[in-house]
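1. okay, structure incoming, though there's no sequence with it:
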């Protein structure tokens with residue numbers, strides 16, 4: 001699900017931040033917020049903050065953002081915004097960040113790609129985020145009109161494209177959002193935030209853990225990675241040297257996970273290992289990646305969030321991900337689509353988590369070469385039976401519980417092939433099912449789509465056929481037989497230089513980096 005990133009409109013801050021910019025002595029709190037209050041340069045908007053632990057404001061799809069703006073301009077009931085003022089005069093959003101940000105996006109023409117967002121992210125905005133922003137802007141402008149357009153109509157109704165726009169322009173000055181205020185100290189404000197957000201759009205378990213453990217290294221590392229080190233800097237108290245290192249590492253990890261942030265559905269080489277960057281699952285995926293790479297299991301004691309531990313956390317994460325996909329000599333050049341996507345192009349987060357753990361353990365146990373020796377057959381098996389991973393996830397209820405068992409599933413396939421690499425995929429899976437842990441796996445695919453003579457293909461079936469054909473045409477490494485990701489390849493001498501091989505065109509081939517630099521030698 002592609003969602004709109006509106007995180008820049010209301011910046012983050014610590015509840016207990018001290019500032020000379022304001023004062024809490026004025027107890028005459030506003031009961032409503034007008035259009036003027038939501039302009040970015042207004043006194044109110046300048047004082048507005050989100051709690052430091054607030055989830056990214058990127059939960060809503062374009063249609064929902066547009067619907068919120070439309071409800072407001074029509075004068076329909078919009079739930080009250082809940083705010084809290086700290087001792088320094090900053091105003092924190094306890095509930096209603098998406099509502100405020102959606103209206104702020106319309107009023108300030110910034111749906112994640114405007115002046116405010118560019119400044120917030122240091123001009124580092126993914127192509128996918130820009131595309132969704134423009135799609136949202138187009139939807140709003142077509143259904144309502146831009147804010148600047150409506151303002152002009154208030155002066156000259158002849159500019160209106162519809163009676164609806166004329167009506168909006170007449171009522172704009174009288175429209176307002178209702179406000180409720182939380183009384184009490186920072187602890188009361190945090191309790192209110194958690195209680196309200198757990199009962200409305202429920203905070204995910206990963207997000208709740210990041211809130212509760214926000215002073216731990218893995219939480220700070222995850223926050224850094226999710227925006228490539230841009231946006232709010234949770235590590236601003238660290239030394240300048242460590243801040244720079246965190247920025248470099250987080251950007252490197254982000255690029256491995258999401259590439260340029262633009263997945264073309266019909267281009268399987270554009271798929272990233274971490275899935276869609278503009279997704280409400282992104283922070284969960286990043287946080288779980290960091291935890292797996294650093295051996296942080298649920299209930300274990302995470303490392304404290306001092307600068308050395310945060311850097312260590314990031315380095316451990318980068319190392320394992322570079323094995324999976326990078327231009328390093330030891331990169332396996334794993335093709336994301338083959339391993340981490342369904343035949344409809346949906347990111348299989350369970351496969352992704354399980355494979356990270358699988359590779360991590362291969363590295364620790366020095367078994368990478370064993371994997372390479374059967375990689376071609378291994379990939380045939382997991383691609384042909386990619387639906388089995390979903391059965392493992394269903395067995396264990398969710399990806400974060402299942403990934404340990406998915407890692408065991410991958411390991412079982414590898415060990416069976418190491419014993420006999422002549423087995424075909426059907427025989428391999430039969431042996432996997434002989435293992436008591438995986439006897440529940442069902443290898444028969446039930447196709448619920450009705451097959452009829454002269455019938456048309458459904459949209460989903462067309463996509464499956466298309467993507468299957470594209471996978472079948474992927475190049476394979478001549479050394480290991482595995483699928484190749486064009487973002488991580490090496491030019492290899494077929495006959496090695498030390499064996500007298502020349503640099504002729506005929507003696508060249510493309511291979512995985514690891515196969516060329518390590519396994520072959």
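-> Ah, there it is. Keep in mind that what you see is a predicted model, and the values were worked out from it rather than measured. Numbers count the residues shown, from 1 in each chain.
2. thought residue 42 was touching residue 36?
-> Yes. Using C-beta atoms under 8 Å, residue 42 is in contact with residue 36, at 6.0 Å. For glycine as for every other residue, the C-beta is placed from the backbone atoms N, C-alpha and C.
3. looking at these two, which is more packed in?
-> Higher neighbour count among residue 42 and residue 36: residue 42, with 16 against 13, using other C-beta atoms under 10 Å.
4. low-confidence stretches in the stretch 351-500 of the chain?
-> 445-464, 492-495, 500 (pLDDT under 70).
5. what ranges do the helices span in it?
-> Residue ranges of the helices in the stretch 351-500 of the chain, as given by DSSP state H, counting those that start in this stretch, are 368-373, 375-384, 387-395, 399-419, 425-434, 459-472.
6. report the helix or strand with the lowest average pLDDT across this protein.
-> For the chain, using mean pLDDT, DSSP states H and E, the weakest element among its helices and strands is helix 459-472, scoring a mean of 70.
7. which strand residues bridge residue 511?
-> Beta-bridge partners of residue 511, counted by DSSP bridges, are residue 490.
8. nearest residue to residue 352 other than its sequence neighbours?
-> In this structure, residue 352 finds its nearest non-sequential neighbour in residue 340, 4.7 Å apart by C-beta to C-beta, 6 or more residues apart in numbering.
9. ok, that neighbour - contacts?
-> Counting by C-beta atoms under 8 Å, 6 or more residues apart in numbering, residue 340 touches 271, 273, 275, 347, 348, 351, 352, 355.
10. report the separation between the first one and residue 345.
-> Distance check for residue 271 against residue 345: by C-beta to C-beta, to the nearest Å, it reads 8 Å.
11. overlap in contacts, those two.
-> In contact with both residue 271 and residue 345: residue 337, using C-beta under 8 Å, 6+ apart.
12. neighbour-wise, which of those two wins?
-> Between residue 271 and residue 345, counted using other C-beta under 10 Å, the more crowded position is residue 271 (24 against 16).
13. show me what contacts the more buried one?
-> 263, 336, 337, 340, 341, 345.
14. what sits against the first one?
-> Right, residue 263. Contacts for residue 263 were tallied using C-beta under 8 Å, 6+ apart; they are 128, 270, 271, 272, 276.
15. same check, this time on the second one
-> Contacts for residue 336 were tallied using C-beta under 8 Å, 6+ apart; they are 271, 272, 273, 325, 485.
16. could you redo the last one with a cut-off of 6 Å?
-> Residues near residue 336 by C-beta atoms under 6 Å, 6 or more residues apart in numbering: 271, 272, 273.
17. could you measure from the spatially most central residue of the chain over to residue 308?
-> Central residue of the chain (C-alpha atoms, centre = their mean): residue 282, 2.2 Å from the mean position. Per C-beta to C-beta, residue 282 is found 27 Å from residue 308.
18. could you do residue 376 as well?
-> Taken as C-beta to C-beta, the span from residue 376 to residue 308 is 42 Å.
19. and residue 91, by the same measure?
-> Residue 91 is 35 Å from residue 308, by C-beta to C-beta.
20. so those two - more neighbours on which side?
-> residue 91 (20 against 12).
21. ok, now which ones touch that one?
-> Neighbouring residues of residue 91 by C-beta under 6 Å, 6+ apart: 47, 48, 83, 85.
22. for it, give the beta-bridge partners.
-> Bridge pairing for residue 91 - DSSP bridges - gives residue 48, residue 85.
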